[in-house]
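A.B. asks: Pasted the sequence and its predicted model underneath.
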Amino acid sequence: MNEHPLVSIVMPSFNQAQFIEEALDSLLTQSWQHLEVIVQDGGSTDGTQELLADRSAKDKRIRWASEPDNGPADAINKALDKARGTYIGWLNSDDCFTPGAVERAVNAFKAHPEWILCYGQGQHIDEKSQFTHLYATLPDIHDPNPEVPEQRVFQQGCFICQPTVYFKATMLTLIGKLNTDIKASFDFDYWVRAFKAFPGRIGYLPDVQASSRLHENTITYEQRLRVAVEGIKLLAEHQGAAQSHWMENYMHEQIQRGRNKQELYQEAIETLPTLLPCLPETEQIKLQQAVNQLLNPDSEG
């Protein structure tokens, strides 16, 4: 076994000059120095390209390109095509690794050669890089006997914080790259596919491995409906059926944010025909009742 394997970190980027330098610093100051950073930019116009040109001239571990893409999944796939490492990580240009994260992942793969993918605890930060809360990772970081959940637990939601994930490059050959038809939940789809393909070969690190930044321009904030719809559809595809709480949670969130109920009701009615075929009959009834009770102005509930 190579004692100093190369680790490739892929980074999609589009107009994140405000955050990308901090992301790069979190990578290049890692204790594990045998790494390459592959930035795939989508044609940024906010100074990102100039920043990348400057940083790559100073540190040859950075390789970057800028060209139009078909969304972040497409950008990530383009970067994956250029990866030369034994292990691969993925860091968005507004997120950060915690100190020692890459070395912990490499050591975990060395200690568990059967693992093909591993992930750790994530945490959220705000626009000013201040900690807000831990990601709802499973198993719990405080569990004295942590066990990786069964794939069916994805029905309850995504318990993996994306920038904490590392996988062997061979996984790309075995299950392919990201699905570019999925515009928001492509990372969730990839985890579900990996758990389905490699039972018993997924590992967990009980350490805070990365900081995922929440701000108004993230997919998590901007595309909540799409995340809910795609989550239901991909679970139906990979696991045979999904649960209605994905859409119910979305509706509750929108109400709490002060969204107009009539507008939200119309949106839900237009979305139901797409979702109902993905749900068991009991979940179909549950979702329809929730829409009426929460949003229908003519409902007595």
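C.D. replies: Sure thing, it's come through. All values reported here derive from a predicted model rather than from experimental measurement.
A.B. asks: Only C-alpha atoms from now on, for both contacts and neighbour counts.
C.D. replies: OK.
A.B. asks: residue boundaries of the strands in the stretch 51-200 of the chain?
C.D. replies: Under the criterion DSSP state E, counting those that start in this stretch, the stretch 51-200 of the chain contains strands at 62-66, 87-90, 96-97, 117-125, 131-134, 166-168.
A.B. asks: Need the residue closest to the centroid of the chain.
C.D. replies: When C-alpha atoms, centre = their mean is applied to the chain, the residue found nearest the centroid is Gln162 (3.6 Å).
A.B. asks: With adjacent residues omitted, what lies nearest to that one?
C.D. replies: Closest residue to Gln162 in three dimensions, ignoring its sequence neighbours and counting by C-alpha to C-alpha, 6 or more residues apart in numbering: Asp187, at 6.9 Å.
A.B. asks: is it true that that neighbour touches Cys161?
C.D. replies: No - here Asp187 does not reach Cys161: they are 9.4 Å apart, not a contact under C-alpha atoms under 8 Å.
A.B. asks: In the protein, where is pLDDT below threshold?
C.D. replies: For the chain, residues meeting the criterion pLDDT under 70 lie at 1, 217-222, 297, 299-301.
A.B. asks: now the helices: where do they sit in it?
C.D. replies: Listed from the start of the chain, the chain has helices (DSSP state H) covering 17-28, 48-58, 72-82, 101-111, 170-175, 186-197, 219-222, 224-239, 245-256, 261-275, 281-295.
A.B. asks: To Pro149, which of these lies closest?
C.D. replies: Comparing the helices of the chain against Pro149 with C-alpha to C-alpha, the closest turns out to be helix 186-197 (9.5 Å).
A.B. asks: looking just at contacts, which helices and strands does the closest one meet?
C.D. replies: With contacts defined as 3 or more C-alpha pairs under 8 Å, 6 or more residues apart in numbering; DSSP states H and E, the secondary structure elements packing on helix 186-197 are helix 170-175, helix 224-239.
A.B. asks: how far out from the middle of the chain is that helix?
C.D. replies: Centroid separation for helix 186-197 versus its chain: 10 Å, with C-alpha atoms, centre = their mean, to the nearest Å.
A.B. asks: Next: stretch 186-200.
C.D. replies: Here the centre of stretch 186-200 is set off from its chain's centre by 12 Å, with C-alpha atoms, centre = their mean.
A.B. asks: then it to CSV, C-alphas only?
C.D. replies: This file holds the C-alpha atoms of stretch 186-200, laid out as CSV (Å, rounded to 0.1, in the frame of the first residue of the first chain):
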residue,chain,number,x,y,z
PHE,A,186,-27.3,15.1,-6.8
ASP,A,187,-25.1,14.6,-3.7
PHE,A,188,-28.0,12.8,-1.9
ASP,A,189,-28.5,10.6,-4.9
TYR,A,190,-24.9,9.7,-5.0
TRP,A,191,-24.9,8.6,-1.3
VAL,A,192,-28.0,6.5,-1.8
ARG,A,193,-26.5,4.8,-4.8
ALA,A,194,-23.2,4.1,-2.9
PHE,A,195,-25.1,2.7,0.2
LYS,A,196,-27.1,0.5,-2.2
ALA,A,197,-24.1,-0.7,-4.1
PHE,A,198,-21.7,-1.2,-1.2
PRO,A,199,-23.4,-2.5,1.9
GLY,A,200,-20.9,-3.0,4.7
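A.B. asks: got the contact list for that stretch?
C.D. replies: Outside stretch 186-200, the residues that touch it by C-alpha atoms under 8 Å, 6 or more residues apart in numbering are 73, 115-117, 150-151, 154, 158, 160, 162, 175, 178-180, 202, 231, 234, 238.
A.B. asks: how many neighbours does Ile88 have?
C.D. replies: Burial measure for Ile88: 25 neighbouring residues, criterion other C-alpha atoms under 10 Å.
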